[in-house]
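Visitor: model the structure of this input:
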Amino acid sequence: MDLQFFLCWRVAPLFLLMPSGLRCMSVHIVNKEPVHVILGSNLILRARMERGPLEDISMVTWEREPETGIDPVRRTLAACPGGNPTCAGARPNIRVNVEQQETTLLINEYSTADSGVYAVTVTDHRGARTTAYCIVREYEAVHHVSVSINVSHSTLVCGEAWGTDPHFSWLHEKTTINQAVGKVSKDGATLFVTMTPICGHFTCMVSNKLGDSSATYTAAPCETGGRGTTAAVVCLVLLVLLCGGVLAFLLWRRRRHTNRGERLHEHLDDGI
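Guide: Numbering: from 1, shown residues only. Next up, the predicted model:
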């Protein structure tokens with residue numbers, strides 16, 4: 001008894017000095033939160049498990065509860081003993097894999113009812129439990145795109161209702177924005193207009209994995225190059241007519257002077 005007490009007294013401080021990862025089990029979900037899933041596709045959640053050399057996993061449990069609600073009810077999706085590499089879930093489309101340092105939850109044909117807060121709980125051989133959480137939501141298409149203008153700052157702002165992971169792009173008169181027109185913000189939602197005056201059609205296009213939508217802001221019409229060309233042609237025609245008129249006048253005047261000289265010469269001949 002004295003020897004056992006001595007050994008426990010000598011070994012206990014060593015456990016206290018061990019890093020936390022060696023003294024107790026931990027788990028965290030590696031998916032970037034929140035996880036957005038397209039309806040009908042597969043939901044895959046992965047959790048990393050870290051345990052000490054003296055720790056054994058006795059149970060891995062996956063659960064889900066609604067994200068909102070006064071009294072949300074947590075439902076067990078699967079409970080897998082630590083020694084089993086795979087196990088079936090509460091429904092036929094649910095399966096769980098358990099490895100030495102990772103556990104994976106797979107739900108086939110994701111539906112709206114599968115949205116919520118997911119929890120994975122790892123229980124060690126002593127009954128100690130550690131839990132990690134992750135929010136899962138439905139992947140939404142883009143909706144209700146709009147464009148507003150801030151005249152004082154010469155900016156156009158594109159807004160979108162609730163689409164998941166929206167990507168913004170801008171067009172001016174159906175062509176990509178260039179430096180002569182303006183500059184797009186880093187997130188793509190704002191266009192800083194540099195052209196003066198602001199004119200033409202500005203279109204904001206918003207897209208994600210489920211499609212795209214757009215909205216257009218219409219300013220005053222821009223003066224097109226065709227009008228300038230027409231004005232140049234008119235000026236050229238007028239210049240040609242003016243030059244032609246001057247040339248015709250000079251020819252007429254020269255001819256008149258010549259005819260007058262001939263008549264004077266004939267008159268002098270008759271007098272002689």
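Visitor: poorly predicted segments of the chain, please.
Guide: Regions of the chain meeting the criterion pLDDT under 70 cover residues 1-23, 225-235, 252-253, 255-272.
Visitor: again, 80 this time
Guide: Low-confidence segments of the chain (pLDDT under 80): 1-24, 52-54, 70-71, 224-272.
Visitor: relative to Leu242, how far out is the residue nearest the centre of it?
Guide: Centroid check for the chain by C-alpha atoms, centre = their mean gives His167 as the closest residue, at 2.6 Å. His167 is 58 Å from Leu242, where distance means C-beta to C-beta, to the nearest Å. All C-beta spots, glycine's among them, are computed from the backbone N, C-alpha and C.
Visitor: ok, now Arg64?
Guide: For Arg64, the distance to Leu242 - C-beta to C-beta - is 87 Å.
Visitor: which one's more surrounded, those two?
Guide: Using other C-beta atoms under 10 Å as the criterion, Arg64 and Leu242 rank with Arg64 on top: 23 against 10.
Visitor: helix or strand: which one has the more buried one?
Guide: Assessed by DSSP states H and E, Arg64 sits inside strand 57-65.
Visitor: can you pull out the strands in the stretch 1-150 of the chain?
Guide: 26-29, 35-37, 43-50, 57-65, 75-81, 86-88, 94-98, 102-107, 116-124, 129-138, 146-150 (DSSP state E, counting those that start in this stretch).
Visitor: quick one: contacts for Lys174?
Guide: His201, Thr203 (C-beta atoms under 8 Å, 6 or more residues apart in numbering).
Visitor: swap the cut-off to 10 Å and go again
Guide: Gly200, His201, Thr203 (C-beta atoms under 10 Å, 6 or more residues apart in numbering).
Visitor: ok, Val73 next?
Guide: Arg64, Glu65, Pro66.
Visitor: tell me which of those is nearest to Asn108?
Guide: Arg64 (15.1 Å; C-beta to C-beta).
Visitor: returning to what we had before: save the strands of the stretch 1-150 of the chain as JSON lines, and put in distance to Glu160 too.
Guide: Below are the strands of the stretch 1-150 of the chain laid out as JSON lines (distance: least, C-beta to C-beta, whole Å):
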{"stretch": "strand 26-29", "distance to Glu160": "28"}
{"stretch": "strand 35-37", "distance to Glu160": "15"}
{"stretch": "strand 43-50", "distance to Glu160": "25"}
{"stretch": "strand 57-65", "distance to Glu160": "29"}
{"stretch": "strand 75-81", "distance to Glu160": "33"}
{"stretch": "strand 86-88", "distance to Glu160": "40"}
{"stretch": "strand 94-98", "distance to Glu160": "33"}
{"stretch": "strand 102-107", "distance to Glu160": "28"}
{"stretch": "strand 116-124", "distance to Glu160": "24"}
{"stretch": "strand 129-138", "distance to Glu160": "16"}
{"stretch": "strand 146-150", "distance to Glu160": "8"}
